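Engineer: need a structure here:
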Amino acid sequence: MKKPALVILNYNGVRYLEKFLPDVITFSKDDADIYVADNCSTDGSIEMLSERFPEVKVIGNEYNGGFATGYNLALKQIDAEYFILLNSDIEVTKGWIPPVINLMKSDPMIGAVQPKIRSYNRKTHFEYAGASGGFIDRFGYPFCRGRLFLALEEDTGQYDNTLEVFWATGACMFVKTELFNNIGGFDDEFFAHMEEIDFCWRSKSIGYKIMVCPSSIVFHVGGGTLPVGSAWKTYLNFRNNLILLYKNLPRKHLNRILLSRLFLDGIAAFKFLAQGGFNDFIAVIRAHLYFYKHYSSIREKRKNTIRKKVGNIYKGNIVVDHYLLRKMKFSSLKRDFT
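Structural biologist: Numbers count the residues shown, from 1 in each chain. Down below sits the predicted model:
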């Protein structure tokens, strides 16, 4: 049986590869074949890999299409039963792969799984990108067990149960190859941010489960490619969230939820402006203009997307719960999930 393929997507991340790849090799070589897919780096990444890590297979993409396209191009060239998508700024731990693969093999309808993600810089706490499993609320706002917006909880074992979730983080995602290929991989239009949520939503719509396996732990630096506070990141998040909702919401909920979200985005934009974040304000405006300009093409995607009611969506409004009701922990959310 072929080993899982562990694929690190890299763009000018030589410093992270030098720092974290040795442990990736040490703790993964017996359980997976290791690849680096490079998005046309100009920082000497390819040369460094050739000199220091000749055992790592390198796939050179012809252009930098971001996270979504980068993985789509690279994974087409790899034959494996499972893909392990790993950010270059992640520190892995001994024995991190087998628990997740064993979970996936236990149920043929498990399509994607993430491990527990803790912060590399504050190792007692969860990390922003995934924590202990991802969810969205009914307006499409993402959050995690262990992370509500920027509020990161200390990991005291409170979320150590294996659980079906709504989305698994793209920072460290185990995915069934058959599923990835059958639904066309990631949506290239997303470029980066929320493409994994879209992927998981489409997977759930055809009956697959998305899981978190907290017995596997990795540590994520976070912000390695787009730091918090980046206007480009703000643009991608707001733009991609609109595309996500329009593509995947069932028809009966589409107009109400989308209009509510457009209104809430307007409030967020003026909040940025009031706080001196002019670039973020402009980023939200640009995100909406993109959505309106490309509405026809996004509508075609919706027609080609299976849209069914799926579970693990929070019935409340996480923005209200967190910012107005001051709920800082996942465990404090009282409303039910669908």
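
Engineer: Surely residue 169 touches residue 196?
Structural biologist: Yes - Residue 169 lies in contact with residue 196 (CB atoms under 8 Å); the separation is 6.3 Å. (Each C-beta comes from the backbone N, C-alpha and C, glycine too.)

Engineer: So in this protein, which strand runs the longest?
Structural biologist: If you go by DSSP state E, the chain has its longest strand at strand 209-220.

Engineer: I'd like to know which elements that one is packed against.
Structural biologist: Under the contact criterion of 3 or more CB pairs under 8 Å, 6 or more residues apart in numbering; DSSP states H and E, strand 209-220 touches strand 90-91, helix 98-105, strand 110-119, strand 163-165, helix 195-205.

Engineer: residues contacting residue 42?
Structural biologist: Counting by CB atoms under 8 Å, 6 or more residues apart in numbering, residue 42 makes contact with residue 12.

Engineer: and the residue nearest to residue 142 when sequence neighbours are not counted, what are its phi and psi?
Structural biologist: In space, and not counting its chain neighbours, residue 142 is closest to residue 136: 5.1 Å by CB to CB, 6 or more residues apart in numbering. Residue 136 adopts backbone torsions of phi -130, psi 160, taken as degrees, to the nearest 10.

Engineer: hang on, the earlier thing: which one of the helices and strands packed on strand 209-220 is the most hemmed in?
Structural biologist: For these, the largest average neighbour count (mean count of other CB atoms under 10 Å) is found in strand 110-119, namely a mean of 27.

Engineer: Mind giving me the packing neighbours of that strand?
Structural biologist: helix 98-105, strand 172-176, helix 195-205, strand 209-220.

Engineer: can you tell which of those is closest to residue 78?
Structural biologist: Nearest to residue 78 among these is strand 172-176 (12.0 Å), distances taken as CB to CB.

Engineer: got any ranges where the chain has weak pLDDT?
Structural biologist: Filtered on pLDDT under 70, the chain yields the residue ranges 224-229.

Engineer: Pretty sure residue 280 sits against residue 232.
Structural biologist: No - judged on CB under 8 Å, residue 280 makes no contact with residue 232 at a distance of 10.2 Å.

Engineer: Show me which of those two is the more surrounded one.
Structural biologist: Higher neighbour count among residue 280 and residue 232: residue 280, with 22 against 15, using other CB atoms under 10 Å.

Engineer: contacting residues around the more buried one?
Structural biologist: Taking CB under 8 Å, 6+ apart, one finds 231, 234, 269, 272 in contact with residue 280.

Engineer: and if we set it to 10 Å?
Structural biologist: Residue 280 is in contact with 229-231, 233-235, 238, 268-269, 271-273, counting by CB atoms under 10 Å, 6 or more residues apart in numbering.

Engineer: Quick one: distance of the strand or helix carrying it to the chain centre.
Structural biologist: Element membership for residue 280, per DSSP states H and E: helix 278-293. Per CA atoms, centre = their mean, to the nearest Å, the displacement of helix 278-293 from the mean C-alpha position of its chain is 22 Å.

Engineer: In CSV: the helices and strands packed on strand 110-119, plus distance to residue 115.
Structural biologist: Formatted as CSV, these follow (distance: least, CB to CB, whole Å):
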stretch, distance to residue 115
helix 98-105, 6
strand 172-176, 6
helix 195-205, 14
strand 209-220, 4
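
Engineer: Return the members of the contacts of residue 280 classed as buried.
Structural biologist: 230-231, 233-235, 238, 268-269, 272 (16 or more other CB atoms under 10 Å).

Engineer: hang on, the earlier thing: ok, which of the helices and strands packed on strand 209-220 comes nearest residue 286?
Structural biologist: Closest to residue 286 of these is helix 195-205 (CB to CB; 18.7 Å).

Engineer: which residues touch the helix ranked longest in the chain?
Structural biologist: Determined from DSSP state H, the single longest helix within the chain is helix 251-274. Here helix 251-274 makes contact (CB under 10 Å, 6+ apart) with 138-141, 231, 234, 238, 241-242, 245-246, 248-250, 277-285, 287-288, 291, 302, 307, 309, 313, 317, 319-320, 323.
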